[in-house]
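1. need coordinates for the below:
(chains A and B)
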Amino acid sequence: QSVLTQPPSVSGAPGQRVTISCTGSSSNIGAGYDVYWYQQLPGTAPKLLIYGYNSRPSGVPDRFSGSKSGTSASLAITGLQAEDEADYYCQSYDNSLSGYVFGSGTKVTVL
Amino acid sequence: QVQLQESGPGLVKPSGTLSLTCAVSGGSISSSNWWSWVRQSPEKGLEWIAEIYYSGTTNYNPSLKSRVTISVDNSKNQLSLRLSSVTAADTAVYYCARDPSHRGYFDYWGQGTLVTVSS
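-> Next comes the predicted model:
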């Protein structure tokens, strides 16, 4: 139902690299709008992880990085740690819906 | 450090009106930032509702526009949300969030408040 599609779950062992995809369309990511990423721990509000062109707010480790190509974007987490276990969401703007849109969310599990 | 705090009734009757307030501290609401309401439910995930600038300029999610009113009170440094004709589908955690200089993302969020629509 979400405008931006993410895999429901990804998993990896500590220290590994995982990627989360965010697939949109020509009215959002494909139209050139930036993609932002949030981390949500259980029972808390989303926390901004990536903004602009792969920029991170103060305090966010450089293990997190974002990229975009065509109508899709990706979040990479390198050197996976137990504390990275959370839900992750992408977000952009959609010009046909005239508003901000979020991804369906991806649960990251650290094995 | 900017902090946002939502408040309002946790239970609203079907067909009633949901009313929430977001108090902003650690910074002025009358700045270059925009302020939004976002909700989250298991069924719909994260959903942007509306945004407002301190001048009163607003934008709404077209799917909710007919039922939503967002407003700002600069003297109290707070923003508000009203959602009318609510149904069970409006049950969600409601967040207020800041969009710095209207860049299109949300860098500060409130802790969220759960609103349940039920008789």
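2. spit out the contact partners of residue 47.
-> Just going to use chain A. A:38-41, B:109 (Cβ atoms under 8 Å, 6 or more residues apart in numbering or on different chains). Backbone N, C-alpha and C define where each C-beta goes, glycine included.
3. oops, wrong one, chain B.
-> A:102, B:38-41, B:61, B:92.
4. how near is the closest residue to A:Gln81 other than its chain neighbours to B:Gly110?
-> Nearest residue to A:Gln81 in three dimensions, chain neighbours excluded: A:Pro14, at 6.4 Å (Cβ to Cβ, 6 or more residues apart in numbering or on different chains). For A:Pro14, the distance to B:Gly110 equals 32 Å [Cβ to Cβ, to the nearest Å].
5. what do you get for B:Ser71?
-> Distance of B:Ser71 to B:Gly110, given as Cβ to Cβ: 16 Å.
6. with neighbour numbers in mind, choose between these two.
-> Set B:Ser71 next to B:Gly110 and count neighbours by other Cβ atoms under 10 Å in any protein chain shown: B:Gly110 wins out with 22 against 14.
7. for chain A, see how far away that one is.
-> In this view, B:Gly110 and chain A are 7 Å apart by Cβ to the nearest Cβ, to the nearest Å.
8. quick one: mean pLDDT over stretch A:96-105.
-> Mean pLDDT, stretch A:96-105: 96.
9. mind listing what A:Gln1 touches?
-> Contact partners of A:Gln1, counting by Cβ under 8 Å, 6+ apart, are A:104, B:43-45.
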